[in-house]
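Asks: sequence and predicted structure are below.
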Number of protein chains: 2
Amino acid sequence: MVWTNSKDSALRERAQAVIPNGMYGHQSVMLLPDDYPQFFDRAQGAYLWDMDGNRYVDFLCGYGPNLFGYAHAGIDQAYFDRAKLGDTMTGPGEAMVLLAEAMTAQVSHADWAMFCKNGTDATTMAMMIARNHTKKNTIVLAKGAYHGAAPWCTPVKNGVAPSDRANQVFYEYNDVESLEAAVKAAGSDLAAIFASPIKHDTFIDQELPNPEYARRARELCDEHGALLIVDDVRAGFRLARDCSWSLVDVKPDLSTWGKAVANGHPISALLGSDVCRFAAATIYATGSYWFSAAPMAAALETLKLIAQTDYLERTIALGERLRSGLDEAAGRHGFALRQTGPAQLPLIMFDDDPTSAKGYLWNNALLKRGVYFHPWHNMFICAAMTEADIDDTLNAADDAFKVVKDAGPLEPVAKIAFLHQMVDGH
Amino acid sequence: MVWTNSKDSALRERAQAVIPNGMYGHQSVMLLPDDYPQFFDRAQGAYLWDMDGNRYVDFLCGYGPNLFGYAHAGIDQAYFDRAKLGDTMTGPGEAMVLLAEAMTAQVSHADWAMFCKNGTDATTMAMMIARNHTKKNTIVLAKGAYHGAAPWCTPVKNGVAPSDRANQVFYEYNDVESLEAAVKAAGSDLAAIFASPIKHDTFIDQELPNPEYARRARELCDEHGALLIVDDVRAGFRLARDCSWSLVDVKPDLSTWGKAVANGHPISALLGSDVCRFAAATIYATGSYWFSAAPMAAALETLKLIAQTDYLERTIALGERLRSGLDEAAGRHGFALRQTGPAQLPLIMFDDDPTSAKGYLWNNALLKRGVYFHPWHNMFICAAMTEADIDDTLNAADDAFKVVKDAGPLEPVAKIAFLHQMVDGH
């Protein structure tokens, strides 16, 4: 089938009229290679179809939520069955208690759970609970880490008042000295240290957490009576069947969850330990759909699959097959890739590509060959992918390397310069 | 059937172990009469069943989302059909454009739409867009109005840093002089005036907007180059088939929506006019599930019913039948009620009941008779209610008045004193 995008183009034109800039947020393709489709027709398993009928093996997985495959029969049935009985009611259903029990059983640091809708809801509640617990205000965060899109954390400063960013001190991820300096700068006002489970910032090489850094964060919180918050919204249940920092044997006081927790059904969560249960019980946080029963039923089913299947080992093995295959293919064409992050959450960039020109061309060529990759955001392997999907991807990648090689010298990607202006710290 | 609550009690005990305080947010029954059930088994049309099988005519409607009846067949089918094709994908579906077109066609001030999950998302984006548009920071808000649960607006101050409340000036709703004074206090830094479409604060008599006040808010924004924001999250499409301030012939620059927009499926929205389109296009706001297709398909179906049925006239007529019937019944027993707000969004309190003792006893007696009322939050009439439901409610109310009469002198409600301590401005 010849790749076309006429239907997507027509829809984008209509979107321009009624949506600011035609689209917004993390799913806007404004900063992706030009041919990336903005709208999708359907999704099933590991695949995504755009409006023009082009099929992709989707390595974005909805930017995280798709863990067991799009439109997963068992999870969706749990959702539909519950929705037919009542979803958003005047109070929660039994599923809320069952889910809180299941989440606290699954995540070893957690004694209690609260549910919400956005990852930002969970990180904002975590901040509020830390402030309520300590009666202090300063939070220490890693520079460049993404913790949501509220005024206190959005990466773009337009519309943000300076007061929204008060009481924040930044450190370099994985750098113990920098963390200690930030804590020192917080003085006697330290409420919390925020940490991403891994460094999964956009646009740069990903990093696993240095165990010494993670342990020091825990110690510093203990020394100061502050709370340690691990923001597992993006990576949760993709690195471990527990909080991601179980891998470095460090238990936070609070962890934030979302994305994969209900395989795409709308729910996020904040888990906490007993030390801050009272502080959690005395803040006010709520939302119109936070207590809806159907996403909780879907999350219960998802948690069963997390506990009982080999999804984790499978996504790791698929990620490793992709990684080694890509390295080989790149080498064959005289390229070197920077493949960073855990194999199942890969970020892939070209070495020696300061303007992203090679990466953009390569991603675009992959797109035309039925593979949806991202040039500067970590990707996700889902459990619905097969070895055949990976092998198809490797074949497409081989062709795409040829395209880059044949193109010769490339112009810098203008969009990227724009992004660097927009985003903090770049 | 004898009213019992043993299953609810057992579930509440389990909830205490794994959820802070057993429940949180606006659906916690902590501040309601003691017997109010916390958990619900199912919901259909106008009815709600608790865990013990007690059925209620539900006048809370999920605190707003239920406009056309719980588990509405047509709306839910649209949701399910779309979810089976793909819900949370790597980009939005066509439904996002169709919904933006439908919302801007339905709401006369609106030229564009953005979708999100919580009402708080929409009000927060409105604030950011006003700040981005004006490059100023101060927002002017009505004292006691609810605009969400983020640190900048949550009614409880625990966990809120003083800086979260910077750049805010308050006025008395419906009071032109007070509004003018607040704008004056904002000086040259005015970014926006927030207004609820009606005064629907908890605990006090509701008020319709004084047209002179609404017009003055519009004028003041125009004079200062600031944006007028009407927060229609709770009342949207319950007062009009347009923005609620169409009733006073005042067009805001931004309006926020949620609750009834998809009859309980998780979506909220921000609508804006062209004047602030660029400002909207240049903030960063996003969420994991903001672009999910299924709630948009449900919203499209809901909008059809809003445009094409007599739901509005019907809910008003039912509300008026309830209001006049309750006044009559109260009078027969020697009580007087304060019934305020639009008939379809009633708040009902006893006259001469400073400690809420009569109200709590009456609400509790109604509960035992199959009617779910709220003693201090506005209620909602939904289009699935019938005249028979209202008449059953009036019969139950008659009995409940007898209970209050027979009880003689009552103790003050201790919970209410606690609430007054917790909440701003009370």
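Replies: Cool, got the structure.
Asks: just the helices in the stretch 301-426 of chain A please.
Replies: A:311-332, A:357-368, A:387-407, A:414-422 (DSSP state H, counting those that start in this stretch).
Asks: turn those helices into CSV, columns for distance to B:K368 and mean neighbour count.
Replies: (Glycine included, C-beta is placed from N, CA and C.) Formatted as CSV, these follow (distance: least, CB to CB, whole Å; neighbours: other CB atoms under 10 Å in any protein chain shown):
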stretch, distance to B:K368, mean neighbour count
helix A:311-332, 48, 18
helix A:357-368, 62, 22
helix A:387-407, 58, 17
helix A:414-422, 58, 13
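Asks: looking at these, which is closest to chain B?
Replies: Comparison of those against chain B by CB to the nearest CB identifies helix A:414-422 as nearest, at 7.9 Å.
Asks: now render the helices of the stretch 301-426 of chain A as TSV, adding mean pLDDT and distance to B:A317.
Replies: Listed next are these as TSV, based on pLDDT from 0 to 100; distance: least, CB to CB, whole Å:
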stretch	mean pLDDT	distance to B:A317
helix A:311-332	98	54
helix A:357-368	97	55
helix A:387-407	98	58
helix A:414-422	74	52
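Asks: so which of those gets nearest B:M114?
Replies: helix A:414-422 (17.9 Å; CB to CB).
Asks: could you export the closest one as CSV, CA atoms only?
Replies: Provided in CSV are the C-alpha atoms of helix A:414-422 (Å, rounded to 0.1, in the frame of the first residue of the first chain):
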residue,chain,number,x,y,z
ALA,A,414,14.2,24.0,12.4
LYS,A,415,11.5,22.7,14.8
ILE,A,416,14.1,21.6,17.2
ALA,A,417,15.7,25.0,17.6
PHE,A,418,12.1,26.2,18.4
LEU,A,419,11.7,23.5,21.0
HIS,A,420,14.9,24.5,22.6
GLN,A,421,13.6,28.0,23.0
MET,A,422,10.3,26.8,24.4
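Asks: what's the angle from it to helix A:357-368?
Replies: Helix A:414-422 and helix A:357-368 are oriented at 120 degrees to each other (axes from the mean of the first three to the mean of the last three CA atoms, to 10 degrees).
Asks: returning to that earlier point: could the helices of the stretch 301-426 of chain A go into a markdown table alongside distance to B:E328?
Replies: A markdown table is the format used below for the helices of the stretch 301-426 of chain A (distance: least, CB to CB, whole Å):
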| stretch | distance to B:E328 |
| --- | --- |
| helix A:311-332 | 62 |
| helix A:357-368 | 69 |
| helix A:387-407 | 69 |
| helix A:414-422 | 62 |
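Asks: and of those helices, who's closest to A:S28?
Replies: Between those, helix A:414-422 lies closest to A:S28; by CB to CB that is 11.4 Å.
Asks: identify the residues contacting that closest one?
Replies: A:M30, A:L31, A:L32, A:V156, A:F203, A:T355, A:S356, A:Y360, A:W376, A:H426, B:Y284 (CB atoms under 8 Å, 6 or more residues apart in numbering or on different chains).
Asks: buried ones among those?
Replies: A:L31, A:L32, A:V156, A:F203, A:S356, A:Y360, A:W376, B:Y284 (16 or more other CB atoms under 10 Å in any protein chain shown).
Asks: got the phi/psi numbers for the third one?
Replies: A:V156 adopts backbone torsions of phi -110, psi 130, taken as degrees, to the nearest 10.
Asks: now do the nearest residue to it once chain neighbours are set aside against A:K157, distance only.
Replies: By the measure of CB to CB, 6 or more residues apart in numbering or on different chains, the closest residue to A:V156 outside its immediate chain neighbours is B:Y284, 3.6 Å from it. From B:Y284 across to A:K157, the span is 9 Å (CB to CB, to the nearest Å).
Asks: need the contact list for A:I193.
Replies: A:I193 touches A:I139, A:V140, A:L141, A:L179, A:V183, A:A217, A:L220, A:C221, A:A226, A:L227, A:L228, A:I229, counting by CB under 8 Å, 6+ apart.
Asks: what pairs with whichever helix or strand it is part of, parallel or antiparallel?
Replies: If you go by DSSP states H and E, A:I193 is part of strand A:190-195. With DSSP bridges as the test, strand A:190-195 is paired with strand A:138-142 (parallel), strand A:227-231 (parallel).
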